[in-house]
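Enquirer: Attaching a predicted model along with its sequence, questions to come.
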Amino acid sequence: MYTQDKPDLEYLVHHGVKGMKWGKRRYQNPNGSLKIRGRQKKLEEKYKKQGLSKLDAEIAASKRVKTEKMIAIVAGVSVATIATYAAYKHYDNNIDKIIKSGTTLQNISSRNNKGVADAFYASNNKMDNIKYRGIYGNSINLSGKNVFETKMNVDNNLKVASRKSATRVLKDLVESDKSFADELHNHLYNLNGQLGSEKKNRMTMEAAFNIRRGKVDAKVYDILNIGLPDHRPEGASVSSKFYKALKENGYDAIKDVNDSKYSGYKTINPLIVFNGENKVSVKSVRELSNDEMVNNLIAGYSEILLEDVAKIGAVYGGSKIAAKKIRGKKKKLSSKEV
């Protein structure tokens, strides 16, 4: 018997899409990759899961797909560009920097009374600020908390230790203090499974193993840096001693390795300021609106996409140029042999 509430299970109805043929996927290429419309639908679902409304998700996805198409057309990057990027990374990892007095720093958090006495995270690059207001602010908002932007003024120059300098300070501390070395090993070991990605969790075990062997390298430093927000007793003790050693070496801040390298934020100059009590002062505090966070979220993700595609273009472009040079050399060689 057929009823409106419970249809006869033997009666099959297929609801298709106009123009669709059996065995053909409307939003998918034969190789399984998504067509533009399929890509946009997938992005819409991703953005809706992150808290955007249906309309905002559609707008964000549409902008991202258009950006991808544009970059795909103009993504030829020269070997010179790759070399310039490599030179910058070498400089960034090896040279200490100064944040001059008068610079404005930004901190995004769920607190409207953020001070400078304790270590705090900050940014001072325009796009970094946008990403933290949008991506990080949205993550705080989704947890049910209000989001505040604190602007801070650098009253006296801040010296930022490079990755190389900070690793050297850590190495000296490990070699001079056996109890700290043991404490650091246990801290790194206990971070395993706490850092949100398989890669970082694997790195924690490798770093703990290196410390046990008395080896302090960039991998050990990176994991320590990533784990600095761990305020459990052992983690708090390790970070306090490390900050103290950095201060004794004349440093006021370090770069946030996680957001610049591992987390996906791809920020340029994210900072951890640990000696700002007498060098930094709070200028203003304001609550961020949902609209502002959404707009910054879209802008932040668009920039991340641009950087990802540019890197792909750099590798592709560099490979093509290298291949042409190799072919040219082979051609010259064959002509000489003749």
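Expert: That came through fine.

Enquirer: give me every residue that touches Gly214.
Expert: Residues in contact with Gly214 (Cβ atoms under 8 Å, 6 or more residues apart in numbering) are 174-175, 181. From N, CA and C alone the C-beta is placed, and that goes for glycine too.

Enquirer: likewise Arg232?
Expert: By Cβ under 8 Å, 6+ apart, the contact list for Arg232 reads Asn190.

Enquirer: go on, Val160?
Expert: Counting by Cβ under 8 Å, 6+ apart, Val160 touches 96-99, 251-255, 271.

Enquirer: for those, which one is nearest Lys164?
Expert: Nearest to Lys164, judged by Cβ to Cβ, of the contacts of Val160 is Asp96 at 8.8 Å.

Enquirer: Model confidence for the spatially closest residue to Arg212 that is not a sequence neighbour, exactly?
Expert: In space, and not counting its chain neighbours, Arg212 is closest to His185: 5.7 Å by Cβ to Cβ, 6 or more residues apart in numbering. Looking at His185, its pLDDT reads 95.

Enquirer: Contacts for the helix or strand where His185 lies next, please.
Expert: Applying DSSP states H and E as the criterion places His185 in helix 178-191. Identification of contacts with helix 178-191 by Cβ under 8 Å, 6+ apart yields 173-175, 204-205, 207-208, 211-212, 214, 220, 223-224, 226-227, 230, 232, 234-235, 237-238, 241.

Enquirer: Assess the claim that Ile226 and Leu195 are in contact.
Expert: Yes. Ile226 lies in contact with Leu195 (Cβ atoms under 8 Å); the separation is 6.2 Å.

Enquirer: Between these two, point out the one with more neighbours.
Expert: Ile226 (24 against 20; other Cβ atoms under 10 Å).

Enquirer: for Asp96, what are its contacts?
Expert: Asp96 is in contact with 159-162, 165, 251, counting by Cβ under 8 Å, 6+ apart.

Enquirer: Give me the local confidence score for it.
Expert: On the pLDDT scale, Asp96 is placed at 95.

Enquirer: Tell me the spacing between it and Asn249.
Expert: 10 Å (Cβ to Cβ, to the nearest Å).

Enquirer: so what sits against both of the two?
Expert: When contacts are counted by Cβ under 8 Å, 6+ apart, Asp96 and Asn249 have 161, 165 as shared neighbours.

Enquirer: on that earlier part again, tell me which residues of the helix holding His185 are tucked away?
Expert: For helix 178-191, the neighbour count (16 or more other Cβ atoms under 10 Å) marks 180-181, 183-185, 187-188, 190-191 as buried.

Enquirer: Repeat that for stretch 194-203.
Expert: Using 16+ other Cβ under 10 Å as the test for burial, stretch 194-203 gives 195, 200, 203.

Enquirer: ditto for stretch 145-152
Expert: Neighbour counts over stretch 145-152 (16+ other Cβ under 10 Å) mark 147-150, 152 as buried.

Enquirer: Quick one: the residues you listed as a markdown table, columns for secondary structure too.
Expert: Formatted as a markdown table, the buried residues of stretch 145-152 follow (DSSP: H, G, I helix; E, B strand; the rest coil):
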| residue | secondary structure |
| --- | --- |
| Val147 | coil |
| Phe148 | strand |
| Glu149 | strand |
| Thr150 | strand |
| Met152 | strand |
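
Enquirer: all helices of the chain, in order?
Expert: Along the chain, the stretches classed as helices by DSSP state H are 36-49, 54-74, 79-94, 126-131, 137-142, 163-176, 178-191, 198-212, 218-226, 233-248, 257, 290-337.

Enquirer: quick one: contacts of the fourth one?
Expert: Contacting residues not belonging to helix 126-131 are listed as 106, 123, 265, 267-270, 296, 299-300, 303-304 [Cβ under 8 Å, 6+ apart].

Enquirer: Just among the residues you listed, which is most surrounded?
Expert: Highest neighbour count within these: Thr267, with 27 neighbours (other Cβ under 10 Å).

Enquirer: Poorly predicted segments of this protein, please.
Expert: For the chain, applying pLDDT under 70 flags the ranges 1-36, 68-88, 310-338.
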